[in-house]
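Enquirer: Just to be clear, the model below is a prediction. Sequence and coordinates:
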Amino acid sequence: MKISPLKILLVEDNPADADLLQEILEESDDTHCSLVHVERLKDALQVLSEGHFDAILLDLSLPDKQGVSTVAQTHEAAPDLPIVVLTGLNDRVIALEALRQGAQDYLIKGKIDTNLLLRAIHHGIERAQTLKKLRHSEEQLQRLNEELEHRVEEQTDELRQKNHSLQSEIIERQRLEEELRHALAKEKELSALKSNIISVVSHEYRTPLATILSSSELIENYSDKWSQEKKRIHFQRIQGAVHHLTQLVNDVLVLSKAEAGKLDFNPSIVNLVVLCQELIEELQLTVKSKHSISFETQGASCSAYLDEKLLRQLFTNLLWNAIKYSPEENQIQFRLEWMQNQVIVQICDRGMGIPTEDQSQLFDAFYRASNVGTISGTGLGLAIAKKCVDRHDGRIMVESEVGVGTMFTVTLPLSR
Ligand code: ADP
């Protein structure tokens with residue numbers, strides 16, 4: 001069987017060697033080779049770039065290039081073509097190095113016959129094709145690898161994004177749960193407050209209503225026989241009871257508003273010194289107690305941007321308690337002190353004091369200390385005072401000792 005003709009590039013500067021090789025090739029019965037002969041590497045690279053070849057026969061000592069770098073350069077120009085190196089008898093080392101640089105085989109000049117030459121050319125072609133296929137598979141593998149890496153990266157990215165949105169969802173759910181829990185707790189608090197209000201109000205309402213009823217019946221039936229003084233006492237009892245009822249209604253309203261987060265906050269410039277002095281006068285007029293209230297301050301005027309209505313409520317409740325829970329003729333100290341960024345108000349009495357175990361719950365609505373005895377009250381005053389302080393982002397503290405006295409300290413920030 002005749003094998004299809006092979007196109008061989010012969011790079012050889014020695015014309016005798018070139019002719020010999022031509023002749024050797026022509027001797028072949030079954031392989032027809034067409035030989036293109038050049039003498040320089042430069043020309044070889046030129047023809048390689050212009051046409052197709054099946055193999056290269058390469059001499060290593062050309063006029064324009066010597067040694068194994070000839071192989072490297074040729075291999076670089078035609079990486080898929082088999083190169084069979086032609087060397088001298090003593091050049092085995094160089095020939096081996098040429099194989100390392102990309103040559104497929106080597107032949108020793110003077111020892112070449114047709115069989116050897118064709119076998120070297122055919123083997124070279126086979127090996128070069130196998131190598132080409134191998135390179136191709138490697139490239140494919142590399143591409144697949146890159147594609148795979150890309151896909152893994154994409155999926156990792158997708159997963160990362162999913163994870164991220166899942167985390168945000170979890171956080172959002174936790175926030176909603178927290179809000180719900182908070183709303184539920186608030187709801188519970190409000191319903192507890194409502195039932196407390198009902199029980200305290202109904203209880204607290206009975207006494208003044210009974211007073212009003214009995215005093216008005218007495219006036220209706222017997223007032224024509226009474227002295228002016230006796231009439232005045234009963235009218236005052238009725239007025240006191242009405243005042244008490246009004247106060248109770250007001251307290252309940254303020255507290256339920258505050259609990260619902262609807263306590264109005266209308267700050268304006270207030271002269272605290274004047275406000276405190278007015279409050280003391282008003283209290284001494286309405287309470288008519290024998291307590292004296294000493295007012296200590298560091299100057300004649302302290303202007304602050306606060307809510308006057310809430311401050312009145314706050315200080316009145318604290319002063320009123322100091323009066324209520326300390327013996328008559330005792331002195332109550334009302335101190336006002338201010339700094340660059342805060343105001344401190346202290347109300348101090350030498351009264352019955354508050355047991356330590358009651359102090360932590362004192363600001364809860366309806367809470368009353370265990371030692372109040374028969375002193376009347378609703379447990380709303382301090383809860384309201386606390387709401388007024390909170391609305392100003394301030395703080396309220398109590399220090400007390402049973403039998404010694406009590407001091408409430410209110411700190412309000414000046415710049416909000
Ligand atoms: P009320 O005075 O109507 O009972 P408050 O809320 O004003 O309610 O006060 C809660 C409780 O704190 C009082 O019942 C009392 O036990 C205690 N308390 C408040 N102020 C004083 C004080 N200055 N001295 C002693 N106990 C006080």
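Expert: On my side now, so go ahead.

Enquirer: tell me which parts of this structure are close to the ligand?
Expert: For the chain, the residues found near the ligand under the criterion Cβ under 6 Å from any ligand atom are 317, 321-322, 325, 349, 351-354, 362, 368-369, 372, 377-383, 406. In this view, the C-beta of every residue, glycine as well, is placed from N, C-alpha and C.

Enquirer: Can you show me the strands along the stretch 201-350 of the chain?
Expert: Assigned by DSSP state E, counting those that start in this stretch, the strands in the stretch 201-350 of the chain fall at 268-271, 292-297, 303-306, 331-338, 342-349.

Enquirer: got the angle between the second one and strand 342-349?
Expert: Same thing as strand 292-297. Between strand 292-297 and strand 342-349, the angle comes out at 160 degrees (axes from the mean of the first three to the mean of the last three Cα atoms, to 10 degrees).

Enquirer: Just checking the distance from stretch 131-151 to the centre of its chain.
Expert: 43 Å (Cα atoms, centre = their mean, to the nearest Å).

Enquirer: Which residues does it contact?
Expert: residue 80 (Cβ atoms under 8 Å, 6 or more residues apart in numbering).

Enquirer: same check, this time on stretch 14-33
Expert: Residues contacting stretch 14-33 (Cβ under 8 Å, 6+ apart): 1-8, 10, 12, 35, 37, 57, 59, 86, 109, 112-114, 117-118, 121-122.

Enquirer: how does the protein divide up, domain by domain?
Expert: 6-127, 168-262, 268-413 (automatic domain parsing).

Enquirer: Mind putting these into CSV with mean pLDDT, mean neighbour count and distance to residue 143?
Expert: Shown next, in CSV, are the domains of the chain (pLDDT from 0 to 100; neighbours: other Cβ atoms under 10 Å; distance: least, Cβ to Cβ, whole Å):
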stretch, mean pLDDT, mean neighbour count, distance to residue 143
domain 6-127, 91, 17, 18
domain 168-262, 89, 13, 37
domain 268-413, 93, 17, 66
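
Enquirer: May I see those arranged in a markdown table, with distance to residue 160 as well?
Expert: Below are the domains of the chain laid out as a markdown table (distance: least, Cβ to Cβ, whole Å):
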| stretch | distance to residue 160 |
| --- | --- |
| domain 6-127 | 42 |
| domain 168-262 | 13 |
| domain 268-413 | 42 |
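
Enquirer: List just the one of those domains that sits closest to residue 156.
Expert: domain 168-262 (18.6 Å; Cβ to Cβ).

Enquirer: circling back: show me the residues of the chain next to the ligand that map onto helices.
Expert: 317, 321, 322, 381, 382, 383 (DSSP state H).

Enquirer: Just the closest of the residues you listed to residue 358, please.
Expert: For those, the nearest to residue 358 is residue 382 (11.0 Å; Cβ to Cβ).

Enquirer: Now do the contacts for the nearest residue to residue 337 once chain neighbours are set aside.
Expert: Leaving out its chain neighbours, the residue that sits closest to residue 337 by Cβ to Cβ, 6 or more residues apart in numbering is residue 344, at 4.6 Å. By Cβ under 8 Å, 6+ apart, the residues touching residue 344 are 335, 336, 337, 338, 409, 410, 411.

Enquirer: Max pairwise distance over the residues you listed: which two?
Expert: 338 and 409 (13.7 Å).

Enquirer: show me where the stretch 1-150 of the chain has helices.
Expert: 15-26, 41-50, 69-77, 92-100, 114-222 (DSSP state H, counting those that start in this stretch).

Enquirer: Next, format those as TSV and append distance to residue 255.
Expert: TSV is the format used below for those (distance: least, Cβ to Cβ, whole Å):
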stretch	distance to residue 255
helix 15-26	116
helix 41-50	99
helix 69-77	94
helix 92-100	97
helix 114-222	7
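
Enquirer: residues in contact with the spatially closest residue to residue 120 that is not a sequence neighbour?
Expert: Nearest residue to residue 120 in three dimensions, chain neighbours excluded: residue 105, at 4.5 Å (Cβ to Cβ, 6+ apart). By Cβ under 8 Å, 6+ apart, the residues touching residue 105 are 82, 84, 85, 99, 120, 123, 124.

Enquirer: For these, work out which two are farthest apart.
Expert: It's 85 and 123 that sit farthest apart of these, by Cβ to Cβ, at 13.3 Å.

Enquirer: Could you report the distance from the closest residue to the ligand within the stretch 1-150 of the chain to residue 108?
Expert: Closest approach of the stretch 1-150 of the chain to the ligand (Cβ to the nearest ligand atom) occurs at residue 150, with a separation of 71.1 Å. Spatial separation of residue 150 from residue 108 under the definition Cβ to Cβ, to the nearest Å is 51 Å.

Enquirer: Residue 293 now?
Expert: 127 Å.

Enquirer: With residue 164 instead?
Expert: From residue 164 to residue 108 the distance is 70 Å (Cβ to Cβ).

Enquirer: swap in residue 395?
Expert: 104 Å.

Enquirer: For the residue in the stretch 151-300 of the chain that the ligand sits nearest to, which residues are in contact?
Expert: For the stretch 151-300 of the chain, the residue closest to the ligand is residue 251, as judged by Cβ to the nearest ligand atom, at 8.4 Å. For residue 251, the contact set (Cβ under 8 Å, 6+ apart) comprises 378, 380, 381, 384.

Enquirer: Backbone torsions only: list them for the first one.
Expert: Same thing as residue 378. Taking degrees, to the nearest 10, you get phi -120, psi -20 for the backbone angles of residue 378.

Enquirer: Sweet, I'm off.
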